[in-house]
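A.B. asks: Provided below are the primary sequence and the corresponding predicted coordinates.
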Amino acid sequence: MLVPFIDISNQQLSVDFVKSLDLIGEIILRIPDFNDTSLLSQFLEKHQLDKYWLISVKEIVPDDIENIVKFLDQGAQKVVIPGSKILTSDYISTLPADRLAVNVNSRDLCDEELIKKLAGLVSGYLVTDVDLESISGNFFQDLNNFIQNVQKSTLISGLIAKVTVILQETNDIKYSTNLVQHLSTISADLVVPIKYLTLDSDNNLLNVADALTCTLKSDRSDGLFITVVVDERGVALGVVYSSTESVKEALKTRTGVYQSRKRGLWHKGATSGSVQELKKIEADCDGDTLKFTVKQFGTGFCHLNTRTCFGGSKGLIALEETLQNRKISAPPGSYTQRLFQNPDLLHSKIMEEADELCSASTKDNIAWETADLLYFALVKCVANDISLTDVEAHLDKRAKKVTRRPGNAKPQWDVSSKKATEIDSDTKDKQIPDTIKMQKFKLSEIDSRKRKSLLKRPIIKSDDIMARVRPIVNDVRNKGDAALIEYTAKFDKVQLNTPVISAPFSPEAMALDDVTRCAIDQAYDNIYKFHDAQYDRSTLVVETMPGVVCSRFSRPIERVGLYVPGGTAILPSTTLMLGIPAKVAGCKEIIIASPPRKDGTVVPEVLYVAHKVGASKVLLAGGAQAIAALAYGTESVPKVDKICGPGNQYVTAAKMLAQNDSSAMISIDMPAGPSELLVIADNSSIPKYVASDLLSQAEHGTDSQVVLIGVSLTPEHLANIEREIHEQASRLPRVDIVRESIPKSFILQVNNMKEAMKFSNDYSPEHLILHIDEAEKWVDAIENAGSVFVGAYSPESCGDYASGTNHTLPTYGYARMYSGVNTLTFLKHITAQKLTKQGLKDLGHTVMRLAEVEGLEAHRNAVHVRIHDIEND
Ligand SMILES: NC(=O)c1ccc[n+]([C@@H]2O[C@H](COP(=O)([O-])OP(=O)(O)OC[C@H]3O[C@@H](n4cnc5c(N)ncnc54)[C@H](O)[C@@H]3O)[C@@H](O)[C@H]2O)c1
Ligand SMILES: N[C@H](CO)Cc1c[nH]c[nH+]1
């Protein structure tokens, strides 16, 4: 292996070059004097090295010791000190051995006594004064013996010894990969002054990547090195291949560059934007695998747009990602966003959680409280643009300190000096912090006004929303694509070059793993079957009286725009629910609109479905701006005839505005707003199923509303459902949303099924689930609901994704008069009639009389002129 050597008095160093050298491992820094700390501080400030050893030009004197400790505290990996000093200084010998290295003159290699004495006191050896000639002669054998002795003696103390060799400076010195390889056969590293190193091709200098890879071996026929890629926290992102060429490029650019087996040099992220900043390249213990540590940007490492090739994140990384997303755009009413905006609240919560953690005593409780505290602490970090990696860098830095602080508490926190208050851990454990619960009412105890208010949904301030949406719609109408791009940058924080992707879509952009693709394919087939069955392609023909034949046939709506929400959750399932009926109906042009991801792309699942349903374009925009583009058209978005799909209040308001503007010539499906669910449950219900169903809709948004009607529930049964709600909710990744939506939702206790059904029909829920005995028997009693789920094994999630029914349904009580999206949504019906002479003769007098009643003479005459002819024929 190669160890670069830098004399820090050299002012000419290129910062970029030093940064690249820092990627391959430890660097030895030579400082003029251990007594002078300022030069090193300046150097480190400029170069920010990760791992370095320090050696001084001047002999060490007793006064230097304090500074040596300072250097170690500051982060030096090892300080190189002559053996005589280590053995004679009481203080140095107490410093940790893994932070000390010794310089050994090549003449002393055979001094076994010295090696024995130093064993356990140091972990690094710098063999000096080696001349190039001797390295292939006897000296090599001596060095080999020395290394074996060192390894034996240090092994006992549990240390890993590193032996490095530095050559005497001569004029004609030439460093080669042969020399590096030669030394590596006996586990010695070659120290090379920076002036002999290069990242380019220069025959007189040693290329750093050549020196790094020359000691590696590949067990592959193509000679490539298996390369594990990890993030800064050591989490594996995936496995790729490297060659000497790719390592050269990686070191030069300090980015993730690999060797693709098919396509040659592969600059990771060059096309997807998911680039990597290179942090470290290391070889494994037996030199057949490389490890690249990187900072990953964009959607992630995997081509499937997940963070890693082994799936998404979890634990603290997942929490950090969620918080960072919330900071960019949080759902309305998000608790995390409230914390971002209110430092006082965050301060109080951190203090409160720290206090609760101190009082926690059982394992579960301690874990619970620690999780709470970590959450609030991380909110504070993210609010101030501090990452987990930054926090860990501090921990690592602290771990390098050799001096320890006493660690006593500040007086105001010193509980040992105060009279400790006994905490009854039993009571404490029973208090579940922030219970997530619904409001509760009994039908028999509320008056009609209260009942009416329970039937209402939260009031939407539609004037406010309209006032916000109108200028957006007008802008898009007047300025087209430019306005679309501008609003996407404003609301979605994405800068697009073009707002539209046209079919055929690139296979890479819709690449999915097999499991996801199969799931989508099965859902597609079921939804297709159910929607195809709804399409009656025959013509309806009725002879209303002899000679008068009326008919009706359907035709698809030609151009449709399908809105797929993407604010708080991206919904490929909505793409299925809208795209399939449009395809079944035979719409000629299908355009899908959905807010883009942070990297400006569309989710591959959405694109895959867009491709399956035959969409011609995907519009990368959300909210009112997307609806306006579909309604009026822009340079790149064709105007459509009908817009379908759910969305937030801005989407719904824009749909209503467009529908009311006759110049837009547009129709919409229905006002589909925030998701809602009503569950009717009796004592035969299974509490954990009931709770899971309620939460499945409550997690959609802070404005989602769920209702539980309990039919003569026993107090125990109701308590079990409530406990399940809290416990399951607390484990959800979207608990922040649920914490807002559940308290706005309610449980209503009734005495019998008749009362339950009456309330449900009056409420007209988007989804209705029957968790009751003999559930099918009650289906006949349902008058109003968007979609019904019958019995314990029909979770609403099945209708959301894959059973076959549609999930775009009327909310807000509109189920009273609207149906959910279905195949007919994308069809229009045309009627026709044919009258024979006799038919007209028989019907004509009725028509003429009615026209006379209405005073419409021309109508009457159109019949009269014909009847006159027929009668005079
Ligand atoms: N009823 C149904 O069938 C059904 C199905 C699925 C989803 N939903 C509902 O759809 C909704 C989806 O909402 P969403 O927000 O996640 O996604 P969305 O795609 O509807 O809205 C996101 C867009 O809103 C716009 N926006 C955000 N803040 C804005 C502001 N301050 N001013 C103007 N525009 C702004 C942005 O352009 C953004 O792209 C949820 O309420 C969910 O319950 C309903
Ligand atoms: N439940 C939503 C309709 O209100 C639809 C949906 C999409 N993904 C999951 N659920």
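C.D. replies: Structure's in. What do you need? Ligands and ions are numbered 1, 2, ... in the order given.
A.B. asks: from what I can see residue 753 touches residue 772, true?
C.D. replies: Yes: Residue 753 is within contact range of residue 772, at 6.9 Å (criterion: CB atoms under 8 Å). For glycine as for every other residue, the C-beta is placed from the backbone atoms N, C-alpha and C.
A.B. asks: what residues are shared contacts of the two?
C.D. replies: Both residue 753 and residue 772 are in contact with 680, 682, 711, 778, where contact means CB atoms under 8 Å, 6 or more residues apart in numbering.
A.B. asks: what's the distance between the first one and ligand 2?
C.D. replies: Distance of residue 680 to ligand 2, computed by CB to the nearest ligand atom, to the nearest Å: 18 Å.
A.B. asks: so what pLDDT did that residue get?
C.D. replies: Looking at residue 680, its pLDDT stands at 98.
A.B. asks: So what pairs up with it in the strands?
C.D. replies: residue 709, residue 770 (DSSP bridges).
A.B. asks: separation between it and residue 448?
C.D. replies: 21 Å (CB to CB, to the nearest Å).
A.B. asks: Now do the contacts for the residue of the stretch 51-200 of the chain found nearest ligand 1.
C.D. replies: Ranked by CB to the nearest ligand atom, the top residue of the stretch 51-200 of the chain for proximity to ligand 1 is residue 199, at 44.1 Å. Contact analysis of residue 199 by CB under 8 Å, 6+ apart lists 17, 20, 207, 208, 209, 248, 251, 252.
A.B. asks: pretty sure the fourth one is touching residue 18, no?
C.D. replies: I take that to be residue 208. No: Residue 208 lies out of contact with residue 18 (CB under 8 Å); the separation is 11.5 Å.
A.B. asks: higher neighbour count, the two?
C.D. replies: residue 208 (26 against 18; other CB atoms under 10 Å).
A.B. asks: near ligand 1, which residues of this protein?
C.D. replies: 468, 491-492, 565-568, 571, 574, 595, 622-624, 646-648, 650-651, 672, 674-675, 700-701, 704, 766, 807-809, 811 (CB under 6 Å from any ligand atom).
A.B. asks: quick one on the thing from earlier: go through the contacts of residue 199 and flag which are in helices.
C.D. replies: 17, 20, 208, 209, 248, 251, 252 (DSSP state H).
A.B. asks: Tell me how many other residues surround the closest residue to the second one other than its chain neighbours.
C.D. replies: Just to be clear, that refers to residue 20. Counting by CB to CB, 6 or more residues apart in numbering, residue 20 lies nearest to residue 251, which is 4.9 Å off, once chain neighbours are set aside. The tally of other residues near residue 251 (other CB under 10 Å) stands at 23.
A.B. asks: Filter the contacts of residue 199 down to the buried ones.
C.D. replies: When the contacts of residue 199 are checked for burial by 16 or more other CB atoms under 10 Å, the buried set is 17, 20, 207, 208, 209, 248, 251, 252.
A.B. asks: could the residues you listed go into a markdown table alongside pLDDT?
C.D. replies: Listed next are these as a markdown table, based on pLDDT from 0 to 100:
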| residue | pLDDT |
| --- | --- |
| 17 | 95 |
| 20 | 96 |
| 207 | 96 |
| 208 | 96 |
| 209 | 97 |
| 248 | 97 |
| 251 | 97 |
| 252 | 96 |
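A.B. asks: Tell me the one among those residues nearest to residue 129.
C.D. replies: residue 208 (24.7 Å; CB to CB).
A.B. asks: Quick one: residues contacting the closest one.
C.D. replies: Residue 208 neighbours (CB under 8 Å, 6+ apart): 2, 4, 20, 21, 24, 197, 198, 199, 251.
A.B. asks: Let's see that with 10 Å instead.
C.D. replies: The contact partners of residue 208, by CB atoms under 10 Å, 6 or more residues apart in numbering, come to 2, 4, 17, 20-21, 23-24, 192, 194, 197-200, 247-248, 251-252, 281.
A.B. asks: so residue 488 makes contact with residue 500?
C.D. replies: No: counting by CB atoms under 10 Å, residue 488 does not reach residue 500; the two are 11.6 Å apart.
A.B. asks: what's the burial count for residue 838?
C.D. replies: Neighbours of residue 838 (other CB under 10 Å): 12.
A.B. asks: What pLDDT is listed against it?
C.D. replies: Reading off the model, residue 838 has pLDDT 96.
A.B. asks: tell me which element it falls in.
C.D. replies: helix 837-854 (DSSP states H and E).
A.B. asks: before we move on, the earlier item: shared neighbours of residue 208 and residue 18, which are they?
C.D. replies: 4, 194.
A.B. asks: Beta-bridge partners for residue 124, please?
C.D. replies: residue 101, residue 162.
A.B. asks: Give the full set of residues in contact with it.
C.D. replies: Neighbouring residues of residue 124 by CB under 10 Å, 6+ apart: 26, 28, 53, 77-80, 97-103, 159-164.
A.B. asks: Send me the helix holding residue 838 as CSV with only the CA atoms.
C.D. replies: The C-alpha trace of helix 837-854 is given here as CSV (Å, rounded to 0.1, in the frame of the first residue of the first chain):
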residue,chain,number,x,y,z
LYS,A,837,-93.9,7.7,-42.2
GLN,A,838,-96.6,5.9,-40.3
GLY,A,839,-94.7,6.4,-37.0
LEU,A,840,-94.5,10.2,-37.7
LYS,A,841,-98.2,10.2,-38.7
ASP,A,842,-99.1,8.6,-35.4
LEU,A,843,-96.9,10.7,-33.2
GLY,A,844,-97.0,14.0,-35.1
HIS,A,845,-100.2,15.4,-33.6
THR,A,846,-98.8,14.9,-30.1
VAL,A,847,-95.7,16.8,-31.0
MET,A,848,-97.5,19.6,-32.7
ARG,A,849,-99.9,20.1,-29.8
LEU,A,850,-97.0,20.3,-27.3
ALA,A,851,-95.1,22.8,-29.5
GLU,A,852,-98.3,24.9,-29.7
VAL,A,853,-98.5,24.9,-25.9
GLU,A,854,-94.9,26.2,-25.7
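A.B. asks: Give the other helices and strands that that helix contacts.
C.D. replies: Judged by 3 or more CB pairs under 10 Å, 6 or more residues apart in numbering; DSSP states H and E, helix 837-854 is in contact with strand 540-545, strand 548-556, strand 827-835, helix 857-871.
A.B. asks: So for residue 395, which of those sits nearest?
C.D. replies: strand 548-556 (62.2 Å).
A.B. asks: Quick check: buried residues in that closest one?
C.D. replies: Result for strand 548-556 [16+ other CB under 10 Å]: buried residues 548, 549, 554, 556.
A.B. asks: Equivalent analysis for stretch 269-276, please.
C.D. replies: Neighbour count says stretch 269-276 has 269, 272, 274, 275, 276 buried, by 16+ other CB under 10 Å.
A.B. asks: What lies in contact with that stretch?
C.D. replies: Residues outside stretch 269-276 that contact it (CB under 10 Å, 6+ apart) are 229, 231, 237, 250, 253-258, 267-268, 292-303, 305, 307, 506, 508-509, 598-601.
A.B. asks: Give me the distance between the two termini of that stretch.
C.D. replies: 7 Å (CA to CA, to the nearest Å).
A.B. asks: State the mean pLDDT of it.
C.D. replies: Rounded mean pLDDT across stretch 269-276 is 92.
A.B. asks: Stretch 74-93 too?
C.D. replies: Computed over stretch 74-93, the average pLDDT equals 81.
A.B. asks: Run through the bridge partners of residue 257.
C.D. replies: residue 267.
A.B. asks: Who are the contact partners of it?
C.D. replies: Shown in contact with residue 257 (CB under 10 Å, 6+ apart): 240, 242-243, 245-251, 265-268, 270, 276, 278, 292.
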